[in-house]
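Enquirer: give me a 3D structure for the following:
(one chain, ligands or ions: 1)
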Amino acid sequence: MAPMTRSRNGEDGVPSDLAITYYIQRVSAGLIITECAYVSLMGRGYVRTPGIGTDAQVAAWKRVTDAVHASGGRIFMQLWHTGRISHPSLLPEGALPVAPSAIKPAGRGWTPNGLQDFVTPRALRVDEITQTVADFRIATRRALEAGFDGVELHAASGYLPEQFLSSGTNQRQDDYGSSVAKRARFILEVLQAMVAEAGGDRVGIKISPEMNFNDIVDATPQETFTYLVEQLRSLNLAYLHVALFGAKVDYHALLRPRFNGAYLIGGGLDQKSAEAAVAGGRADATVFGSAFLANPDLPERFRQGAPLNTPDTNTFYSPGARGYTDYPSLSETITA
Ligand SMILES: Cc1cc2nc3c(=O)[nH]c(=O)nc-3n(C[C@H](O)[C@H](O)[C@H](O)COP(=O)(O)O)c2cc1C
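Expert: Reported below is the predicted structural model:
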């Protein structure tokens, strides 16, 4: 099950009991990857997203992981820092969002006051980069305390890790910018910190080459992602999760041979394409997002060749149970 932000948490970043129901309903996934949790308050980019720092957040997540484990499931927590994809109204004391370089993203983001233009972020100082790496380490520790089986670094979709990696958002001239190796450094340091805390076999990473979401652009994406993935080898990670959204380059063919852990693919898959990918050796496992959101018993539906519920995009991020925990399972549909 793909990581999916659902925006049903309290403003204090504490998941509610509804989250327990939501994840338990989807426990037949081989591995649940949670919605993204921010590693620090400066990494918060959306309303009602969860954190993994305070005691209350850890305690609430523990109830989720205990319930998932009691039902025989496995669950990793996705960790993020949104970087420049935030807004002063979401940050402590109205602070400017931070980023590798002070480059404003095109577009608008959801704030407590509705859709607003993104702002020009402030470039991180090197000591702040060091602190941010430490924040990922502490968040990993807290996630393990909360009972997660592991953690996934969100290095996809144009958030802070990919902002460092990409030439369009990183114009630094210090050790964290200019060459591909220096732009990859932040992600590699964060992963090293996460591995130091959890061990490589409990750490995964998600990337989305050429997704170009959140105004992220890289001048040489094939070279950049090849370099990054080759550097991952020494970390002995549990998995590399690559989500593709219409890229013309076959990144799975490019990246899979360069990686030494489980290779997970996602983005627009259905049962047929997913089974073909695994049977054909293109992936070790496949990741489903919106289909899992709308079908809590997705594996069983695939097994039976049963029809799927359609995801309701209007309720992807809206508060409450509607569109969250009220998608029927097959047996509920048959009873109804
Ligand atoms: C409602 C929603 C929220 C999402 N939130 C996240 C997120 O927090 N982190 C992430 O890495 N991807 C997120 N994604 C992307 C999914 O993880 C996945 O890559 C994408 O939906 C493609 O898979 P699919 O075609 O099976 O839906 C989200 C997708 C959806 C539909």
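
Enquirer: what sits against the residue of the stretch 151-300 of the chain found nearest the ligand?
Expert: The nearest approach of the stretch 151-300 of the chain to the ligand comes at Gly289, 2.7 Å away (C-beta to the nearest ligand atom). From N, CA and C alone the C-beta is placed, and that goes for glycine too. Residues near Gly289 by C-beta atoms under 8 Å, 6 or more residues apart in numbering: Met1, Ala2, Met4, Gly266.

Enquirer: how much space between it and Thr34?
Expert: Separation of Gly289 from Thr34 (C-beta to C-beta, to the nearest Å): 13 Å.

Enquirer: what does the stretch 51-200 of the chain put close to the ligand?
Expert: Contacts of the stretch 51-200 of the chain with the ligand, taken as C-beta under 6 Å from any ligand atom, map to Gln78, His154, Ala156, Ser157.

Enquirer: pull out the buried positions in the helix or strand harbouring Leu254.
Expert: Leu254 is located in helix 251-255, with elements delineated by DSSP states H and E. Across helix 251-255, burial judged by 16 or more other C-beta atoms under 10 Å covers Tyr251, His252, Leu255.

Enquirer: ok, back up a step: so what's the residue of the stretch 151-300 of the chain closest to the ligand scoring on pLDDT?
Expert: pLDDT for Gly289: 98.

Enquirer: repeat that for Leu96.
Expert: On the pLDDT scale, Leu96 gets 98.

Enquirer: which residues does the nearest residue to it once chain neighbours are set aside bridge with?
Expert: Counting by C-beta to C-beta, 6 or more residues apart in numbering, Arg122 is the residue found nearest to Leu96 once chain neighbours are left out, at 4.5 Å. Arg122 forms beta bridges with Val98, as assigned by DSSP bridges.

Enquirer: now do Arg122: how many residues are near it, please.
Expert: 15 (other C-beta atoms under 10 Å).

Enquirer: that one and Ala196, how far apart?
Expert: 28 Å.

Enquirer: and the strands in the stretch 151-300 of the chain, which stretches?
Expert: With strands called from DSSP state E, counting those that start in this stretch, the stretch 151-300 of the chain shows them at 203-207, 239-243, 262-266, 285-287.

Enquirer: turn the ones you listed into TSV, including distance to the ligand and mean neighbour count.
Expert: As requested, the strands of the stretch 151-300 of the chain are exported to TSV (distance: least, C-beta to the nearest ligand atom, whole Å; neighbours: other C-beta atoms under 10 Å):
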stretch	distance to the ligand	mean neighbour count
strand 203-207	5	26
strand 239-243	4	25
strand 262-266	5	21
strand 285-287	7	20
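
Enquirer: for Pro307, find the nearest of these.
Expert: Closest approach to Pro307 among the strands of the stretch 151-300 of the chain is made by strand 285-287 (19.7 Å; C-beta to C-beta).

Enquirer: packing partners for the closest one?
Expert: The contact analysis (3 or more C-beta pairs under 8 Å, 6 or more residues apart in numbering; DSSP states H and E) places strand 285-287 against strand 239-243, strand 262-266, helix 271-279.

Enquirer: and the ones you listed as CSV, adding mean pLDDT?
Expert: Formatted as CSV, the helices and strands packed on strand 285-287 follow (pLDDT from 0 to 100):
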stretch, mean pLDDT
strand 239-243, 98
strand 262-266, 98
helix 271-279, 97
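
Enquirer: and the residue nearest to Leu96, what is it in contact with?
Expert: Applying C-beta under 8 Å, 6+ apart, the residues near Arg122 are Leu96, Pro97, Val98, Ala99, Ala102.

Enquirer: which among these gets closest to the ligand?
Expert: Distances from the ligand to those, taken by C-beta to the nearest ligand atom, are shortest for Pro97, at 17.5 Å.

Enquirer: name only those of the contacts of Arg122 that count as buried.
Expert: So, by 16+ other C-beta under 10 Å, the buried ones in these are Leu96, Pro97, Val98, Ala99.

Enquirer: report the contact partners of the first one.
Expert: When the contact criterion is C-beta under 8 Å, 6+ apart, the partners of Leu96 are Pro88, Val119, Thr120, Pro121, Arg122.

Enquirer: that'll do, ta.
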